[in-house]
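Enquirer: All I have is the shape, not the residue letters:
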């Protein structure tokens with residue numbers, strides 16, 4: 001019998017070298033992108049200029065309770081978004097019964113008394129930022145070997161992207177911290193910009209980088225939004241469950257106001273009567289640079305005209321979102337310059353929904369991983 005020839009063990013499949021990726025922007029798109037890259041085995045540094053993560057899924061905390069002063073709720077249409085929510089976020093995501101949103105005219109009269117619910121509305125509890133904060137947790141958590149494959153830096157504003165002084169094939173970032181101190185963060189193989197498109201343009205321009213990317217995002221248009229937050233603790237009296245109308249959420253054709261929501265109607269919220277009122281994109285654009293007190297007075301007047309609530313709120317503040325609602329999206333989920341190793345993502349790529357930001361961050365990460 002002929003002896004069998006020894007067989008060699010199959011060669012292992014080549015594994016792509018791990019990369020260190022800087023993700024600038026800690027909203028839904030940035031956190032989704034960072035999480036996905038981390039799960040693929042890459043090192044990630046997530047950098048956010050605010051005190052916490054969330055972007056427009058932010059929650060303003062006050063002594064009267066929280067206000068979801070950016071994104072009010074989200075819907076679920078993408079199967080990947082649904083799966084991730086089901087696997088990771090059942091503890092913080094709850095349905096909001098305001099699926100039947102009223103439609104009001106200039107004077108607060110109901111144009112559609114009971115429009116049929118189209119799709120479930122969901123919120124995160126105890127505030128909309130809870131979902132992004134939950135998904136950001138693994139980014140600053142050591143792995144099973146005690147290593148820290150990712151880090152999260154907050155209150156850090158990136159001002160320039162440039163080649164690393166020690167390793168010219170990599171990137172370094174110049175940044176400014178909350179006290180005005182200058183920082184240099186280096187050793188990045190790729191950079192993700194998950195920030196509003198005008199900020200993308202300005203950062204790339206200041207860095208002298210990627211004119212093709214800057215040109216590609218030029219047609220995108222995102223409108224601003226002034227948001228009013230009011231609280232009525234005096235409504236917390238026996239026999240007075242709430243002030244004003246019976247509905248909890250409405251879209252309005254009022255010349256100033258496009259959206260109103262009773263915050264206390266959302267699950268997991270404080271019971272004090274609170275309203276978040278968002279101005280229309282057109283009105284916000286015309287009054288973008290107005291004094292905040294003047295804006296507040298005008299929005300309070302519109303709020304009382306629509307709801308019939310004439311009482312003076314104990315708490316009333318406004319917040320200006322310079323980039324709120326996408327009017328002209330990019331039309332694709334992300335952009336990437338593979339030669340430079342720079343990628344762009346954000347809800348503005350696809351629209352203005354929370355899910356748009358998730359899909360954008362996910363698909364960019366998959367393209368880079």
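Expert: Nice, I can see it. Note that the structure is a prediction, hence the values are computed from the model and not measured.
Enquirer: Could you list the low-confidence segments of this structure?
Expert: 1-17, 99-102, 104-117, 141-148, 236-242 (pLDDT under 70).
Enquirer: Contacts for the longest strand anywhere in it, please.
Expert: When the chain is parsed with DSSP state E, its longest strand is strand 315-328. Outside strand 315-328, the residues within contact range by C-beta atoms under 8 Å, 6 or more residues apart in numbering are 56, 60, 62-64, 69-70, 196-199, 219-231, 281, 284, 288, 292, 295-296, 299-300, 347-348, 351-352, 356. In this view, the C-beta of every residue, glycine as well, is placed from N, C-alpha and C.
Enquirer: Hmm, residue 307 is touching residue 245, no?
Expert: Yes. With contact defined as C-beta atoms under 8 Å, residue 307 counts as touching residue 245 (5.5 Å).
Enquirer: Between these two, tell me which one has more neighbours.
Expert: Neighbour count, other C-beta atoms under 10 Å: between residue 307 and residue 245, residue 307 has more, with 21 against 17.
Enquirer: Spatially nearest residue to that one, not counting backbone neighbours?
Expert: residue 244 (4.3 Å; C-beta to C-beta, 6 or more residues apart in numbering).
Enquirer: before we move on, what about residue 26?
Expert: Counting by C-beta to C-beta, 6+ apart, the residue nearest residue 26 is residue 48, at 3.2 Å.
Enquirer: Measure how buried that neighbour is and give me the count.
Expert: 26.
Enquirer: before we move on, what about residue 179?
Expert: Other residues near residue 179 number 6, with proximity taken as other C-beta under 10 Å.
Enquirer: From residue 85, how far off is residue 358?
Expert: 9 Å (C-beta to C-beta, to the nearest Å).
Enquirer: For the residue nearest to residue 307, give me its contacts.
Expert: Applying C-beta under 8 Å, 6+ apart, the residues contacting residue 244 are 307-309.
Enquirer: do that again at 10 Å, thanks
Expert: 108, 232, 235, 260, 262, 273, 275, 303-304, 306-311 (C-beta atoms under 10 Å, 6 or more residues apart in numbering).
Enquirer: any shared contact partners between residue 358 and residue 85?
Expert: Taking C-beta under 10 Å, 6+ apart as the criterion, residue 358 and residue 85 both touch 74, 76, 131.
Enquirer: Can you give me the neighbour number for residue 195?
Expert: Neighbour tally, residue 195, other C-beta under 10 Å: 26.
Enquirer: wouldn't it be in contact with residue 27 here?
Expert: Yes. The criterion here is C-beta atoms under 10 Å, and residue 195 meets it with residue 27 at 8.1 Å.
Enquirer: Return the set of buried residues in stretch 360-367.
Expert: For stretch 360-367, burial by neighbour count (16 or more other C-beta atoms under 10 Å) applies to 360-365.
Enquirer: for stretch 262-275, same thing?
Expert: 262-266, 269-270, 272-275.
Enquirer: ok, back up a step: higher neighbour count, residue 358 and residue 85?
Expert: residue 358 (27 against 19).
Enquirer: Tell me the secondary structure of that one, please.
Expert: Going by DSSP: H, G, I helix; E, B strand; the rest coil, the secondary structure assigned to residue 358 is helix.
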